[in-house]
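Visitor: Below is the sequence, then the predicted model.
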2 protein chains.
Amino acid sequence: MAPKTDIEIARAAKKRPIQEIGETLGIPGEHLLPYGHDKAKVGQDFIDSLADRPNGKLILVTAINPTPAGEGKTTTTVGLGDGLNAIGKKACICIREASLGPNFGMKGGAAGGGYAQVVPMEDMNLHFTGDFHAITSAHNLLAAMIDNHVYWGNEEDIDVRRVSWRRVMDMNDRALRQITASLGGVANGFPREAGFDITVASEVMAILCLARDLADLQERLGAMIVAYRRDKTPVFARDIKADGAMTVLLKDAMQPNLVQTLENNPAFVHGGPFANIAHGCNSVIATKTALKLADYVVTEAGFGADLGAEKFMNIKCRKAGLAPDCVVVVATVRAMKMNGGVAKADLGAENVEAVKAGCANLGRHIANVKSFGVPVVVGINHFAGDTEAEIDAVREFVAAEGAEAILCRHWADGSAGMTEMATRVAEIADGGSADFRTLYPDDMDLFEKIETVAHKIYRAGAVVADSKIRAQLKDWEAQGYGNLPVCMAKTQYSFSTDPTARGAPTGFDLPIREVRLSAGAGFVVAICGEIMTMPGLPKVPSAEVIRLNDDGQIEGLF
Amino acid sequence: MAPKTDIEIARAAKKRPIQEIGETLGIPGEHLLPYGHDKAKVGQDFIDSLADRPNGKLILVTAINPTPAGEGKTTTTVGLGDGLNAIGKKACICIREASLGPNFGMKGGAAGGGYAQVVPMEDMNLHFTGDFHAITSAHNLLAAMIDNHVYWGNEEDIDVRRVSWRRVMDMNDRALRQITASLGGVANGFPREAGFDITVASEVMAILCLARDLADLQERLGAMIVAYRRDKTPVFARDIKADGAMTVLLKDAMQPNLVQTLENNPAFVHGGPFANIAHGCNSVIATKTALKLADYVVTEAGFGADLGAEKFMNIKCRKAGLAPDCVVVVATVRAMKMNGGVAKADLGAENVEAVKAGCANLGRHIANVKSFGVPVVVGINHFAGDTEAEIDAVREFVAAEGAEAILCRHWADGSAGMTEMATRVAEIADGGSADFRTLYPDDMDLFEKIETVAHKIYRAGAVVADSKIRAQLKDWEAQGYGNLPVCMAKTQYSFSTDPTARGAPTGFDLPIREVRLSAGAGFVVAICGEIMTMPGLPKVPSAEVIRLNDDGQIEGLF
């Protein structure tokens, strides 16, 4: 019999009513706002009531640089949460929400896989609780108000050539990347160049994921720079008086969403900013709420540890006052082999030498994470074809790096395949060996912050930036933005800017093509390479086969 | 003490849990999908199980042509529902959902007013249960797939100059009315003119409100015409293979939303198509479900009876096999005075002669509604300044027209102000005097259908249309669309196309500027005048003052 697919496993799940899941965390029913029977938002009054409780332990799951072989970071996050619960700990996971649009391009979208998944999978890949729609509305209201301001007299003297606030849509639509708007005559405004990004690229998304509460949200929304005046001074969203209405549109979206794993353990799924031009982590409010309700909180960061974990530490933890107690770096034998030069088609054959050669990538990530002062465990996400010799090769390599690697069989066995890892992670987190520190202080120059990440995390040689970019950073420092952290936008496939450079390259140049100020989110984005903020659909989009079958189930989405 | 505002009354409402409201209609809790504690969708399995039940009585609330004095159609619908329940009948109301975007332009948005409202008012004017966001997503997925089809080789040979499918956004944004898309080079597609409408103007909205079930929804979505080929043959949404994925995006949006009135009576709030280029009624699925669950269903139609009731009868009832048992035409003394020539500023003074002069508008509507074979009652929506003599003048006029007028004090008194009206409406509906017939048969020529509405409802003289329009209608007849009803897009302020022509004008020309085929919704739109499908924001949009106050309540939205 063929093994069950992710969707078959998810559909066979015996979900418990979301109120029962809330009870396991001590959330009274009246403070859970249900969305159907299997999703709920946690009310703000209840969250406020938790302020004086102690925090649980925070465990970050990150990974090596992604390869086409697949790493299974979300699956490991879910499996570890289930594993901790299975060994009698009170644990909760926190992951990001999925973007709707890309699901209609390529098949995908599952939240975990195998026997380590979060459900309801269909809803989570469609409208879920409407958070992303709310972000789209808030973002586009601001855009409409900017053009409306210009239309009715332009009191702020906005330079229509310098409107930096674009529009967003949660859809892969390349036709909207670059447009000319306000055509058709006087009644439609002043024609200007404009464009759309996908919703997850919105600064509103980054802000929602970093804001402490609704007051902080409104403050940050107001601080966003949306355009420049003819005299080149910035126009803020609060100058357009959009911050209040945007906050109203986002008030429900700010509340964390509670769902469950296949094993009926609680999972917060909330927020989903881009992991290149933004910080790529679930919301601060979800993580902080989970830490008040559970003894162990397992969360993840986007892409590999060079981007995801670095931003988790230097942006999210710095801003939110969080500190991880243990970090799990996910690796697979297959990915090690690819890093060691094996083609995807040849991954089935045992190749211990390739595994050893490819471990350099993993080693770099282990050292990098340790440099934040936090203990590291490597999780080897087991695939059916992995041989004992290959697995031992990874274990030995990791031991030589002063860490330990534990085999994880959550995909096939759920929490039963995660007992060893869960036990060890709990021991480490409880052991208090973590001494978290960010990589650079707030008061370092912006360019020096970029160089620090480039040298210490990527091991780049020179950071290359022309004088215009350096001058721009100096300008922002003069305007009071010098204390912000930097958010690196770089390929996720390599430590370098060359996506084909696997392993652990050193000494390469890191070119900074562009810098952007996300003044509301509170970081300076350094763009190293082409970053696509509005995807397109492939030749045969998965939308062509997505449909309801005769039983009313969704086909083609996964 | 000042009388309470609508929002103060709504906030003071003692809402019951939505499960209890469902129970009053016999909906078991497991078939109610909650959205928070005060909103829910009714599951399709439960709706399917009702098929063999008898239908309750259907009561339509319509009105005179709207004037700046205000008529109170929704308020009367809510009041009549509460009134029927108060006299011991099992009644339910069905109204439309509000569009989010326009709330950020002008204050407004309430669902009813005074002591005849539906709650939760804030949610209903914001994201509600996400239906409109789902429609936006489905509509824009199709748009992205069309441009994507052209990008990847254009197998269907779509003429990019003849793509009729625009994009939508639930926002007042004049800058998007007319754009040039796909700029920026090869990777972004073939540049072409495009544009956005507001979401409620989407044909997807009209279809959602007319579809019987999800299978019918998909069939209709597939039948939409989205473009023309170089050889001028139509390209359907099913040619782009978008109908399945659109249906998946709309599967929850198709389920009717249950909320409650201030008096805790059940209200379905579902769908909200434009009342000019579409038919302006809540969904068929909501009305049909309500008819299975309640003995009396009170619903409304958009604008005045010349547009709203005409389309309710000729489009919705025809397509869905519905037949109203009684029609309430709402009028106010103030509106009669305005129709009689009084300026808004002078409405406070008694003016019986003006009331009498203005009654011609009401008289025309009474006669028109009767021509559909249904009994009519006039509801005089009472305003504080109305005098006995003025009210009597309306009563006498209506009596002379062979109908009766009943004073309704629901705004001030809730159901207690509606007892007489509710009693009489129930008697009439139960009396079985209705003998519903549509105004024209399916097999009449399209132009003759337009002429029939123009002559019998508007009392126009000539219907003026150039040969190109007549040829277009003939073309559609040849293609098999001749059996569709017509959907008139005309100013709501007059029987004529001149919004200042109050009262009951006759003999005017009715110019048909344009015709459009909504092949999926199943009607031919005849456009008589300028129809704006993407509103703009005013100079000082209400968004500038909308905000959360210190108690977390929304200010400025109402």
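Guide: Here it is on my side, so go on.
Visitor: The helix ranked longest in chain A vs chain B: in contact?
Guide: In chain A, assigned by DSSP state H, the helix with the most residues is helix A:131-151. Yes: Helix A:131-151 lies within reach of chain B by Cβ under 8 Å from any Cβ of the partner chain, at A:133, A:134, A:136, A:137, A:140, A:141, A:143, A:144, A:145, A:147, A:148, A:151. C-beta here means a position set from N, CA and C on the backbone, and glycine is covered the same way.
Visitor: so how many other residues sit close to the third one?
Guide: Read it as residue A:136. Look at residue A:136: counted by other Cβ atoms under 10 Å in any protein chain shown, it has 29 neighbours.
Visitor: list the contacts for the residue most central in space within chain A?
Guide: The residue lying closest to the centre of chain A (Cα atoms, centre = their mean) is residue A:280, at 2.7 Å. Counting by Cβ atoms under 8 Å, 6 or more residues apart in numbering or on different chains, residue A:280 makes contact with A:96, A:273, A:274, A:301, A:302, A:303, A:307, A:308, A:311, A:312.
Visitor: Just give me the closest of those residues to residue B:345.
Guide: residue A:273 (53.0 Å; Cβ to Cβ).
Visitor: returning to what we had before: tell me which of the contacts of residue A:280 fall in helices.
Guide: A:308, A:311.
Visitor: Just give the nearest non-adjacent residue to the residue in the stretch 151-300 of chain A positioned nearest to chain B, would you?
Guide: In the stretch 151-300 of chain A, the residue that lies nearest chain B is residue A:244 (3.0 Å; Cβ to the nearest Cβ). Sequence neighbours aside, residue B:547 is the residue nearest to residue A:244 in space, at 3.0 Å (criterion: Cβ to Cβ, 6 or more residues apart in numbering or on different chains).
Visitor: what's the answer for residue A:476, then?
Guide: residue A:517 (5.7 Å).
Visitor: still on that earlier bit, any idea how far residue B:540 is from the residue nearest to the centre of chain A?
Guide: 39 Å (Cβ to Cβ, to the nearest Å).
Visitor: tell me the pLDDT at the residue of the stretch 151-300 of chain A closest to chain B?
Guide: Residue A:244 carries a pLDDT value of 98.
Visitor: Surely it is in a helix?
Guide: Yes: counting by DSSP: H, G, I helix; E, B strand; the rest coil, residue A:244 is part of a helix.
Visitor: Around it, how many other residues sit close by?
Guide: Neighbour tally, residue A:244, other Cβ under 10 Å: 22.
Visitor: OK, contacts around it?
Guide: Residue A:244 touches A:218, B:543, B:544, B:545, B:546, B:547, B:548, B:556, counting by Cβ under 8 Å, 6+ apart.
Visitor: ranking those residues by neighbours, who comes first?
Guide: Neighbour counts for these, by other Cβ under 10 Å, peak at residue B:543, which reaches 27 neighbours.
Visitor: hang on, that residue in a helix?
Guide: Yes: counting by three-state DSSP, residue B:543 falls inside a helix.
Visitor: tell me the contacts of it?
Guide: A:141, A:145, A:241, A:242, A:244, A:245, B:104, B:105, B:537.
Visitor: SS state for the closest residue to residue A:318 other than its chain neighbours?
Guide: The shortest distance from residue A:318 to any non-neighbouring residue, by Cβ to Cβ, 6+ apart, is to residue A:438 (5.1 Å). Recorded secondary structure, residue A:438: coil (three-state DSSP).
Visitor: picking up where we left off before, now the residue nearest to residue A:476: phi and psi?
Guide: phi -100, psi 120 (degrees, to the nearest 10).
Visitor: What score does it have for pLDDT?
Guide: Value listed for residue A:517 in the pLDDT field: 97.
Visitor: Could you do the one 3 residues further on as well?
Guide: The predicted local confidence for residue A:520 comes out at a pLDDT of 98.
Visitor: With residue A:109 instead?
Guide: At residue A:109, pLDDT is 66.
Visitor: where in the stretch 151-300 of chain A is pLDDT low?
Guide: By pLDDT under 70, the stretch 151-300 of chain A contains no weakly predicted segment.
Visitor: Show me the helices in it, by range?
Guide: A:203-210, A:214-222, A:243-250, A:284-293 (DSSP state H, counting those that start in this stretch).
Visitor: helix or strand for residue A:7, which one?
Guide: Residue A:7 is part of helix A:6-11 when elements are defined by DSSP states H and E.
Visitor: Show me what whichever helix or strand comes after that helix is packed up against.
Guide: Where DSSP H and E defines the elements, the next helix or strand beyond helix A:6-11 is helix A:18-24. Applying 3 or more Cβ pairs under 8 Å, 6 or more residues apart in numbering or on different chains; DSSP states H and E, we find helix A:18-24 packed against strand A:32-34, strand A:40-42, strand A:257-261, strand A:266-269.
Visitor: possible to save the ones you listed as TSV with distance to residue A:26?
Guide: Converted to TSV, the helices and strands packed on helix A:18-24 look like this (distance: least, Cβ to Cβ, whole Å):
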stretch	distance to residue A:26
strand A:32-34	11
strand A:40-42	11
strand A:257-261	12
strand A:266-269	10
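Visitor: No more questions from me, cheers.
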